[in-house]
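Student: What follows is a predicted protein model with its sequence.
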Amino acid sequence: MGDDLPRTADVVVIGAGIVGCSVAFHLAAAGAGAVLVLDREDAVGRGSTGACAGGFRQQFTSEVNIRLSQASVPMILRFTEEHGIPVDVSQDGYLFLVSDAAAWAGFLSAVELQRSLGVEVEVLEPGAVGALVPGIDTRGLVGATFGPNDGIADPAALTQGYATLARRAGANFALETPVTAIEVDRSGALTGLRTSGGAVAASAVVLAAGAWSGALAATAGIELPIEPVPRVVVTTGAFPGAPQRRTLVIDAASSFYFHREGDGVLMGMGGHDATTFDTTVDERFVNEELVPRAVAVFPPLAEAGIHSRWAGLYEMTPDRLPIVGPAPVDGLWIAAGFSGHGFQHGPIVGKVIAESITGATASVDLSALSLRRFGTGDLTSEGHVV
Ligand SMILES: Cc1cc2nc3c(=O)[nH]c(=O)nc-3n(C[C@H](O)[C@H](O)[C@H](O)COP(=O)(O)OP(=O)(O)OC[C@H]3O[C@@H](n4cnc5c(N)ncnc54)[C@H](O)[C@@H]3O)c2cc1C
């Protein structure tokens, strides 16, 4: 920070999570000039990315999220082969358990949409669920949907991987450098940024500050509807009956989910969705809501001991879809508000933002994710938010 901080850059990326690191790599690799990544933390991936469960899936209810996954998941799967940097990936599927008849109709219509876009997804009877992941209590289930090509990858390794590639391609990282404002001149044009280490002039800025993006956008007079919602994750030690497969199992009614992690499981659940930046683990929620639900869904967990717990922030937009594209200030781009799905969509969004800035044809049409949609009031929400 301070003396080493470049005073100018062609593009500054605010935030070194999965999204910012992917943006930086794709910009630098595309020859976008001097690329500078700023983050207030002392390492990359310390925001929501560092709290994330690492799941990727094509089972969404909105076309744009499915198309994002179809472009992004292959980038995750092929990362090691393509770039020679190891990233642990398991492709044991995502299994949504549904116990409510009305919700089941919604799942079946999502399956229709997914299949119409070429996604492989299976509709399972309760009996088949027990065969796939022995131990699940299938009583009361109406059915389940299973995406065999969905899976889990290591968020820290993928983020570090993109940061390494970005540096190799010439991008500069200034960590421990909080951005305090996005600077706009009297005519409304972007001039650069103010940071704790001084000003940085730039003709383009990408705001990839996750749950914290709203406050930064406000400094440029832009209202960004992104709210921080804490979500807790718990890991267990080994226990009898721990699942063999790493299938990510989700109880749709409660949003409780788990997958094998080490000798035990990693699990989480949506709670009361309070809007706060406070990520202190709510022990009452863990002990009185999450653990009882865990045991109801997967009874072998009754024998499991808690190994670790943490909380991180979902970055919720009103329609649970990200905001990606140009901001109302020329030269400012937004890639934030992934509403709990940014790990899996970070790779392709980084690529598309870089394509937009360098004037290349976009790999995926992300016009549905523009900030302008909130002005029209014509919103279709993503329904499969875990
Ligand atoms: C418990 C949990 C489980 C999750 N599970 C999944 C999952 O299974 N699959 C999935 O796809 N997604 C999952 N997510 C969501 C995913 O983690 C996020 O969507 C994703 O990490 C967002 O990445 P990002 O780069 O946009 O934000 P972040 O990772 O939050 O990065 C933003 C960065 O901006 C920096 N920053 C903020 N303000 C400033 C400032 N003023 N100056 C400088 N730097 C600043 C922060 O330090 C941070 O490093 C999960 C999230 C949580 C909390």
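Tutor: In hand now; what should we look at? Residues are numbered from 1 along each chain as shown.

Student: tell me, how many neighbours does the residue of the stretch 101-250 of the chain found nearest the ligand end up with?
Tutor: Scanning the stretch 101-250 of the chain for the residue nearest the ligand gives Gly210, at 2.6 Å (criterion: Cβ to the nearest ligand atom). C-beta here means a position set from N, CA and C on the backbone, and glycine is covered the same way. Using other Cβ atoms under 10 Å, Gly210 has 26 neighbouring residues.

Student: quick one, what contacts it?
Tutor: With contacts taken as Cβ atoms under 8 Å, 6 or more residues apart in numbering, Gly210 has the following neighbours: Gly15, Gly17, Val19, Gly47, Ser48, Thr49, Leu313, Glu315, Ala336, Phe338, Gly342.

Student: contacting residues for the fifth one?
Tutor: Listed by Cβ under 8 Å, 6+ apart, the contact set of Ser48 reads Gly17, Gly210, Ala211, Gly312, Leu313, Tyr314, Glu315, Gly342.

Student: which two in these are spaced the farthest apart?
Tutor: The most widely separated members of these are Gly17 and Tyr314, with 13.0 Å between them, by Cβ to Cβ.

Student: For the most centrally placed residue in the chain, what are phi and psi?
Tutor: The geometric centre of the chain, computed from its C-alpha atoms, lies nearest to Gly342 (Cα atoms, centre = their mean), at 1.8 Å. The phi and psi values for Gly342, taken as degrees, to the nearest 10, are phi -80, psi -20.

Student: rewinding a little: how about the contacts of Ser48 in CSV, adding pLDDT, distance to Ala217 and secondary structure?
Tutor: Converted to CSV, these look like this (pLDDT from 0 to 100; distance: Cβ to Cβ, whole Å; DSSP: H, G, I helix; E, B strand; the rest coil):
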residue, pLDDT, distance to Ala217, secondary structure
Gly17, 98, 16, coil
Gly210, 98, 12, helix
Ala211, 98, 12, helix
Gly312, 97, 21, strand
Leu313, 97, 16, strand
Tyr314, 97, 18, strand
Glu315, 98, 12, strand
Gly342, 97, 17, helix
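
Student: quick one: buried residues of the worst-scoring helix or strand of the chain on mean pLDDT?
Tutor: Taking mean pLDDT, DSSP states H and E as the measure, the chain has helix 373-376 as its least confident helix or strand, at a mean of 90. By neighbour count with 16 or more other Cβ atoms under 10 Å, helix 373-376 contains the buried residues Arg373, Phe374.

Student: What is it packed up against?
Tutor: Packing partners of helix 373-376 (3 or more Cβ pairs under 8 Å, 6 or more residues apart in numbering; DSSP states H and E): none among the helices and strands.

Student: Please enumerate residues in contact with that helix?
Tutor: Against helix 373-376 from outside (Cβ under 8 Å, 6+ apart): Pro225, Pro318, Asp319, Leu379.

Student: Quick one, which of those are buried?
Tutor: Applying 16+ other Cβ under 10 Å to these, the neighbour count classes Asp319 as buried.

Student: Which members of the contacts of helix 373-376 occur in helices, if any?
Tutor: Of the contacts of helix 373-376, none are assigned to helices by DSSP state H.

Student: which of the contacts of helix 373-376 lies closest to Arg245?
Tutor: Within those, proximity to Arg245 (Cβ to Cβ) peaks at Asp319, which comes in at 32.7 Å.

Student: if I look at the closest one, how far off is Leu224?
Tutor: To Leu224, Asp319 is 14 Å away according to Cβ to Cβ, to the nearest Å.

Student: Check Gly214 too.
Tutor: Computed as Cβ to Cβ, the Gly214 to Leu224 distance reads 4 Å.

Student: got it, and Val129?
Tutor: Shown here: Val129 relative to Leu224, a distance of 40 Å by Cβ to Cβ.

Student: what does the stretch 101-250 of the chain put close to the ligand?
Tutor: Near the ligand, the residues belonging to the stretch 101-250 of the chain are Pro178, Val179, Ala208, Ala209, Gly210, Ala211, Trp212, Leu216, Arg231, Val233 when assessed by Cβ under 6 Å from any ligand atom.

Student: Among the residues you listed, name the buried ones.
Tutor: Pro178, Val179, Ala208, Ala209, Gly210, Ala211, Trp212, Leu216, Arg231, Val233.

Student: how about those in JSON lines, adding secondary structure and distance to Leu371?
Tutor: As requested, those are arranged in JSON lines below (DSSP: H, G, I helix; E, B strand; the rest coil; distance: Cβ to Cβ, whole Å):
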{"residue": "Pro178", "secondary structure": "coil", "distance to Leu371": "24"}
{"residue": "Val179", "secondary structure": "strand", "distance to Leu371": "19"}
{"residue": "Ala208", "secondary structure": "coil", "distance to Leu371": "14"}
{"residue": "Ala209", "secondary structure": "coil", "distance to Leu371": "15"}
{"residue": "Gly210", "secondary structure": "helix", "distance to Leu371": "16"}
{"residue": "Ala211", "secondary structure": "helix", "distance to Leu371": "16"}
{"residue": "Trp212", "secondary structure": "helix", "distance to Leu371": "17"}
{"residue": "Leu216", "secondary structure": "helix", "distance to Leu371": "14"}
{"residue": "Arg231", "secondary structure": "strand", "distance to Leu371": "24"}
{"residue": "Val233", "secondary structure": "strand", "distance to Leu371": "30"}
